[in-house]
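*Asks:* 3D model of this:
(one chain, ligands or ions: 2)
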Amino acid sequence: MRIAVFGGSFDPPHIAHEKIVFKALEKLDVDKLFIVPTYLNPFKADFHLEPKNRFLLLKKLFENENKVEICDFEIMQNRKVPSYETISYLKKSYDLSKIYLIIGSDNFKNLEKWYKIDSLKNDVEFVLAKRIGFLNENLDSIKTLNIDIDISSTNLRNNIDLKYIPKKIQNDVKTLFKTNKKGN
Ligand SMILES: Nc1ncnc2c1ncn2[C@@H]1O[C@H](COP(=O)(O)OP(=O)(O)OP(=O)(O)O)[C@@H](O)[C@H]1O
Ligand SMILES: O=C(O)c1ccc[n+]([C@@H]2O[C@H](COP(=O)([O-])O)[C@@H](O)[C@H]2O)c1
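*Replies:* Ligands and ions are numbered 1, 2, ... in the order given. Just a heads-up that it's a prediction; the model follows:
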């Protein structure tokens with residue numbers, strides 16, 4: 001099986017995340033695309049929305065996409081999980097002939113600090129989601145996805161603007177942001 005993996009905090013999911021998934025399905029020859037919400041990014045200190053809620057938002061958002069699966073491996077660990085561990089889990093669980101790992105250009109610049117990055121590079125082919133405001137050099141040999149939407153979850157946590165939230169989950173995000181007491 002050929003797969004793409006798209007890991008992220010999705011705190012909350014926004015329209016650039018949605019576009020990354022659809023672009024990846026269009027451009028990459030894969031049987032399945034696993035979206036893997038983090039419990040907590042290894043480089044981050046806290047989350048806002050509970051992992052279970054971020055997982056459920058993604059489930060609802062992509063419920064009609066039969067190639068998309070939301071993977072709960074990381075949120076079930078209740079700790080920071082490096083991507084190397086998630087890829088090892090997927091390799092053990094499925095018979096995989098190809099693994100693309102999709103990351104945004106902001107993460108690309110820190111890649112050398114990732115856990116077991118040399119082993120991870122042997123396991124996967126990185127695909128770069130190009131992000132406004134983040135320039136990357138030497139991209140000749142790397143697959144890229146043009147996203148061109150200038151939005152981040154940080155902006156939305158600071159000032160929720162529902163036009164950047166996919167329609168399908170707008171009401172859910174609105175409710176969660178009203179009731180969520182955890183500040184970040
Ligand atoms: N607007 C965007 N354009 C391209 N890539 C993006 C965009 N937003 C997020 N990504 C990428 O999608 C993945 C998941 O993103 P993440 O959930 O961290 O969203 P974010 O908007 O970067 O959140 P935060 O502001 O909390 O860091 C990351 O690899 C990130 O680089
Ligand atoms: O493996 C690592 O060391 C590592 C360090 C930082 C980030 N990551 C992964 O990068 C992905 C994007 O994270 P984020 O928070 O920017 O959405 C997510 O799957 C993280 O687990 C992974």
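*Asks:* how about the residues of the protein by ligand 2?
*Replies:* Listed as neighbours of ligand 2 in the chain under the rule CB under 6 Å from any ligand atom: 7-9, 36, 38, 41-44, 82-84, 103, 107, 114-115. The way it works is simple: take the backbone N, C-alpha and C, and place the C-beta from them, glycine included.
*Asks:* and of the residues you listed, the nearest to ligand 2?
*Replies:* Of all the residues of the chain next to ligand 2, ligand 2 sits closest to residue 7, with 2.3 Å by CB to the nearest ligand atom.
*Asks:* who's that closest one bridged to?
*Replies:* Per DSSP bridges, the residues bridged to residue 7 are residue 36.
*Asks:* what's the burial count for it?
*Replies:* By other CB atoms under 10 Å, 22 other residues sit near residue 7.
*Asks:* per-residue confidence at it?
*Replies:* Looking at residue 7, its pLDDT stands at 98.
*Asks:* roughly how far apart are it and residue 161?
*Replies:* 25 Å (CB to CB, to the nearest Å).
*Asks:* correct me if wrong: residue 58 contacts residue 71.
*Replies:* No: using CB atoms under 8 Å, residue 58 is not in contact with residue 71, being 9.7 Å away.
*Asks:* thinking residue 109 is in contact with residue 134, fair?
*Replies:* Yes: here residue 109 reaches residue 134: they are 7.2 Å apart, a contact under CB under 8 Å.
*Asks:* so these two - more neighbours on which side?
*Replies:* residue 134 (14 against 11).
*Asks:* before we move on, the earlier item: residue 58 and residue 71: which is more packed in?
*Replies:* Neighbour count, other CB under 10 Å: between residue 58 and residue 71, residue 58 has more, with 26 against 20.
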